[in-house]
Every structure is written in structure tokens, then in C-alpha cells.
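Undergrad: Fold the following.
(one chain, ligands or ions: 1)
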Amino acid sequence: MATINLNFGRLCNCYLFSEVSRRLKVFTEQHPHCELHRLDRSQNTQPLPPSVVRTLHETTARMSQAGCFGDYGHYQGEAFLREAIARCYRDRGIGLDLDEIFVNDGAKSDIGSIQSIFGPKDVVAVQDPTFAAYVDTNVMAGRAESHNAVTCQYAGISYMPCHERNDFFPEPPREKVDLIYLCCPNNPTGATATREQLEQFVRYANALGAIIIYDAGYAAFVSDPSLPKSIYEIEGAEQCAIEINSLSNSAAFTSLRLGWTIVPKALSLEDASAGQLNALWHRRQSAMFNGPSIIAQYCAAQALSPAGRVECQSIVDNTLENARIIREGLESAGILCYGGVNSPYVWTKAPDGMTSMNFFSKLLAEANVVSLPGAGFGPNGEGYVRLSAFECRESIRIAMSNIHAKMAA
Ligand code: PLP
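TA: Residues are numbered from 1 along each chain as shown. The predicted model follows:
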């Protein structure tokens, strides 16, 4: 008799985001002609860079010819793309061998499966609040015990609180953990780590034999040159960190799908010599993945070419300008907010001690602005909402003018 994976039964179905959808549905039914301003999005809504669109057409045309691209590609991604990725790292002073780069179909797949090369009893640490996939995938793998509905946390997972007092970036855990997920800049707080903060984590990991899984999916939005965009800018990180990246938001690849994971050969553990984790990940990929579509790979190589990077930078700059307008709009209405400088997300404090869900409803009803309640990203997100800069400029301007008209103190 087949049985189910009981770990899935431990997963908490976040009631909060389904409640958001319910409230939004009720509101639109009651106000069918109301223009909503969707500042709740997690994906870039701008068009693909023009040169990427040209590559898309050219590659598709080549695929219509007999004998072109009929074979499976390389499990790790085509060499021309890995070379383009390596060049981007080289420009930041980071040397990578091509066999340390694994191309994927967007970061989320590898965020979910990278845990499979580690021991089932390894203790996981995450930022609180952060992107839910880090915890969910480890719960499915059996690395968490019961979910506590009061604290909204799983027993067996170590949560690193992010709040105003630590500028929304945590210190390494006091206890010994094995796998540390860091999201920099963080979704949802928009906070990113300084060099010193990352050095602390790298020291911790190297001293205790932990591995950092570094989600750099929003690194392209880091505009302050003194802040790291890759964990490998920190000395010693190649011995303790895996980095996952994506073109979803920096190059508008959300639906085209392409990202990559770096598994350095210098990584080692007590029970794994240098090179072994890289070999395990290669083994896993060769068993479970045949590479992203060749179309996405050619497009990605174009996006990462010198000309493509200029076009991508204008997508990033446009989003950061949106974030500036949101921040200044909120501030002029007397609403406290954080982030939105090196990140597309503005972490907005609910006024007068309101809960994040009540502030979500107030923004919707009074300003027709859709946000995401912070409590959905972890208990330390309570009292905040996330506003996203992934919306068109005009809608953002109207949203801020509505907020100012209805809510200015
Ligand atoms: N990591 C973070 C922090 C995200 O917010 C997202 C998407 O929202 C992803 C990863 C997924 O990215 P991708 O589209 O590359 O799968």
C-alpha cells in the first residue's frame, strides 16, 4: 500500500494570504468600478529588454529548422551561458569555475531542492520575516516538528528576528545550526546586509561547520556600492556558502524563467571533503533536471551581455525610482517606512499599533491600494505591510496621492 509523506501534514496553510484574497474579492465585488493600485506584486511587470526580445525571435526561428536544438542540453546549463554568468561575477572580483555554476529555471526550484543534499536532521535557521519557501521545503523534508498556531512558528526551526532594533537584519543564531537561509535584500523587509553583517555569518558558518544558502534574487537592486551584491565578496564565503540567483526581477524573466545556483568546490563539511557537495548537487541535477529551455538560456546570455546589462539596469533603475516615489509618498503622509532604497520592497509600519491585516484593509478601502500584510511572512512581520515597486509609475503616483489625501496625519 502506498502511503503519503506525512511531513506535508505539518505544513501550515497560511490563512493570512487566503484571507487577503477573500477580502480583495469581496471589495472588488462591492466596488466593481474602483481602480485598484496593485502594490502587492512580487514580480517585475516591465517588458523584456529589447535585445532579449530580438534573441527570443531569432532563437525561435532557428528552432523551426530541422536539426537545430533537437537534443537535450547540458544538465548544468549551456557553457556559453555559464561563461556569461562567470563574467558577471568576475567583474565583481569573484572567480568561478564553470562547473561551480548550475543554471536553473528560476531560483525557486533550487531554493526548494538544495536542502536535499544535506542531512535530514540538519537544523535550519531563517530570517523572520522572510520568503516562505525556505521553511516550507524543509518542513516537507522532515526538518521541522509541529506548527504552533500562537507563535506561527515550527518547533525545530531556528528563527532569526528582523526588527527595527537591528535594522531588519539579524545576528547569527546563538545556538548551533547547520543550514542558514539568508535573503539579501530580504523579501519582504527590503533590508540588505552590510559587509560586516555578512562577515559575521561567514565567520559563524566556518567556525561551526554550517552552510549558508544565500538567496541573491534581488541583488541587482543593491545600488549602494559599499554593500555586497554577492556573498562571495566576503572572504571565506566560498568555503561555507551556496548562492542562488535569478533573472526574474532584474531582467523581467518572471515568466521566461531562468536563474542559477553556485556550489563552490571549496565547500566542505565534517563529513564531506572539498568538491563533494558540488559533486552531490551535480548528481542530483543529473537525476532530476534536464536544464532550462534553450530559448531561455540564449535570452539569459543576451541579458547578461554588456549591452543586455545596460538594458536590465534601466529596468532596475525604473523600479528603484518607483520605490523612491512610494517611500517619499508614505513619508509625506506621516507613515513610517523602511527598505525601498536597495530593494523593490518598502516595509511600511502600520500606524497607531494596527495589525498588518487591519492596515491592509484600511489601505484597500480608503486608498484603493493593495498591499501584503507583513504577518504572512513571519511573526516579526506583524504590524507592517509590504508595498512593492513592481507596478506602473502612473498607478504608483495615484496610489500615493490617495494615501496622502485619506491618511495624512
Ligand atoms: N526568492 C525570493 C526571495 C523571491 O521573492 C522569489 C519570488 O518572489 C523567488 C526567490 C523566486 O524567484 P524565481 O522567479 O527566480 O523562481
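
Undergrad: what's downstream of the lowest-mean-pLDDT helix or strand in the chain, the next helix or strand?
TA: Taking all helices and strands of the chain together, the one with the lowest average confidence (mean pLDDT, DSSP states H and E) is strand 147-148, at a mean of 88. Scanning forward in sequence from strand 147-148 by DSSP states H and E, the next helix or strand is strand 153-154.

Undergrad: Outside of that following strand itself, list whatever touches it.
TA: 10, 12, 128, 135, 139, 144-148, 159, 378-379 (Cβ atoms under 8 Å, 6 or more residues apart in numbering). C-beta here means a position set from N, CA and C on the backbone, and glycine is covered the same way.

Undergrad: Of the residues you listed, which belong to helices?
TA: By the criterion of DSSP state H, membership of the contacts of strand 153-154 in helices covers 135, 139.

Undergrad: So which of the contacts of strand 153-154 sits lowest on pLDDT?
TA: The lowest pLDDT within the contacts of strand 153-154 belongs to residue 12, which sits at 85.

Undergrad: if I look at that residue, how far off is the ligand?
TA: Relative to the ligand, residue 12 is positioned 19 Å away (Cβ to the nearest ligand atom, to the nearest Å).

Undergrad: Point out the residues in this structure that sit beside the ligand.
TA: Neighbours of the ligand within the chain, by Cβ under 6 Å from any ligand atom: 42, 106-108, 111, 131, 183, 187, 215, 217, 246, 248, 254, 259.

Undergrad: Max pairwise distance over those: which two?
TA: 183 and 254 (17.2 Å; Cβ to Cβ).

Undergrad: neighbour count winner among those two?
TA: The residue with more neighbours, out of residue 183 and residue 254, is residue 183; 27 against 19, by other Cβ atoms under 10 Å.

Undergrad: Tell me the backbone dihedrals of the more buried one, please.
TA: In terms of degrees, to the nearest 10, the main-chain angles of residue 183 are phi -110, psi 110.

Undergrad: so where's the stretch 301-409 of the chain uncertain?
TA: For the stretch 301-409 of the chain, the stretches with pLDDT under 70 are 409.

Undergrad: can you give me the strands for it?
TA: 337-339, 345-349, 369-370, 372-373, 384-388 (DSSP state E, counting those that start in this stretch).

Undergrad: Neighbouring strands - and their directions - for the second one?
TA: If I follow you right, that is strand 345-349. strand 337-339 (antiparallel), strand 384-388 (antiparallel) (DSSP bridges).
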